[in-house]
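Enquirer: A structural model of the following input is requested.
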Amino acid sequence: MGKPAALVCSRCHGILPADLLINLCSCGGPLLVKYDLQAIRSEWKKDNLASSPSDMWRYSPVLPAERSEAVTLTEGGTPLVRCGSLENVLGFEDLWIKDEGRNPTDSFKARGLSCAVTMAKKLGVAKLAIPSAGNAGGALAAYAARAGLEAHVFMPSDVPQANFLECQAYSARVTLVDGLISDCGRMLGERKDREGWFEVSTLKEPYRIEGKKTMGYEIAEQFGWSLPDAILYPCGGGVGLIGMWKAFAELGELGWIDSKRPKMIAVQARGCQPITRAFENDAHESDLWPGAYTIASGLRVPKPLGDALV
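Expert: Residues are numbered from 1 along each chain as shown. Take a look at the predicted model:
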């Protein structure tokens, strides 16, 4: 258990070997990890979780590495908090917040980078690079330091100082760029081959989504394997939404949940809403959002790579 069967392209549906160190499919599509869920189903039961530590690696049978291989800072296992007062204000009957701020480096980005750094180390990578407008840079810096790997972070020059200082505190090499995260990504792309970096940008490798999908597994488990009616989720790159939906599909195939699925609501800032605009226009992909601006720096993603998946 805990071993991918293959990598599958989300665009052309091509199949690649599971142990391949790769960013994107040759067609440019993001790659998703595929497991032999029928084999896992025969060996892994809900009862097994009772004796597992309450972090995200409790779900290692459906993660690409074993717990013993994990580069971990004890991420996951975050609480659901009942919001009684807010229920009254908004007129909801049952409202909960999944407090991802309890994770190492203070955000859900820890889940994805734990998994991505684990697999990078397992596949022999020495240097990692990422563009970040918020928490992802700090998460990469922390997990790369934990693994003994080199981290390079490209950030917009107006990124919140806390994010910048966090990267430096974990000894990452930080490059400030005049522009948006898309400009950071372009500069990283121009240098990565020359510098020998492996890029772990949003959906440009298969494993961050595997870590982030554990939010979906936790939500299902915390609600007694009965999914909520709706999940509202702040959407920049969209990996969390995609990951949770992947988790629900896997749980269905494992026979752990029924056919009910929550309404997934992607929330974007008024000043940067390419996914919202594409949805309103019934478009399959988004257009570049001009003049993207929001004080929620992690949501300032003018053209998400995973827009079609969202």
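Enquirer: How far does the strand ranked longest in the chain sit from its chain's centre?
Expert: When the chain is parsed with DSSP state E, its longest strand is strand 150-156. Counting by Cα atoms, centre = their mean, to the nearest Å, strand 150-156 is centred 17 Å from the centre of its parent chain.
Enquirer: If you average the pLDDT over that strand, what comes out?
Expert: For strand 150-156, mean pLDDT rounds to 98.
Enquirer: name the helices or strands packed onto it?
Expert: Here strand 150-156 touches strand 127-131, helix 136-147, helix 161-169, strand 173-177, helix 181-195, going by 3 or more Cβ pairs under 8 Å, 6 or more residues apart in numbering; DSSP states H and E. Backbone N, C-alpha and C define where each C-beta goes, glycine included.
Enquirer: I'd like the ones you listed as TSV, with distance to residue 261 and mean neighbour count appended.
Expert: Formatted as TSV, the helices and strands packed on strand 150-156 follow (distance: least, Cβ to Cβ, whole Å; neighbours: other Cβ atoms under 10 Å):
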stretch	distance to residue 261	mean neighbour count
strand 127-131	31	26
helix 136-147	27	27
helix 161-169	34	16
strand 173-177	39	17
helix 181-195	30	17
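Enquirer: Tell me which of the ones you listed lies nearest to residue 118.
Expert: helix 136-147 (7.7 Å; Cβ to Cβ).
Enquirer: contacting residues around residue 132?
Expert: 138, 140, 153-155, 159, 163, 167, 181, 184 (Cβ atoms under 8 Å, 6 or more residues apart in numbering).
Enquirer: closest to residue 193 among those residues?
Expert: Among the contacts of residue 132, and counting by Cβ to Cβ, the member closest to residue 193 is residue 154, at 15.1 Å.
Enquirer: what's near enough to touch that closest one?
Expert: Counting by Cβ under 8 Å, 6+ apart, residue 154 has contacts 129-132, 174-175, 177, 184-185, 187-188.
Enquirer: can you tell me which of those lies nearest to residue 252?
Expert: When those are compared against residue 252 (criterion: Cβ to Cβ), the nearest one is residue 130, at 31.8 Å.
Enquirer: For the closest one, list the residues it contacts.
Expert: So residue 130 contacts 136-137, 140, 151-154, 188, 199-201 (Cβ under 8 Å, 6+ apart).
Enquirer: returning to that earlier point: wait, which of the helices and strands packed on strand 150-156 is closest to residue 40?
Expert: Set against residue 40 and scored by Cβ to Cβ, the helices and strands packed on strand 150-156 come closest in helix 136-147, at 25.6 Å.
Enquirer: The closest one to strand 127-131, inter-axis angle?
Expert: If you take axes from the mean of the first three to the mean of the last three Cα atoms, to 10 degrees, helix 136-147 sits at 170 degrees to strand 127-131.
Enquirer: and helix 136-147, how far from the chain's centre?
Expert: For helix 136-147, the distance to the chain centre is 14 Å (Cα atoms, centre = their mean).
Enquirer: And for stretch 223-235?
Expert: 16 Å.
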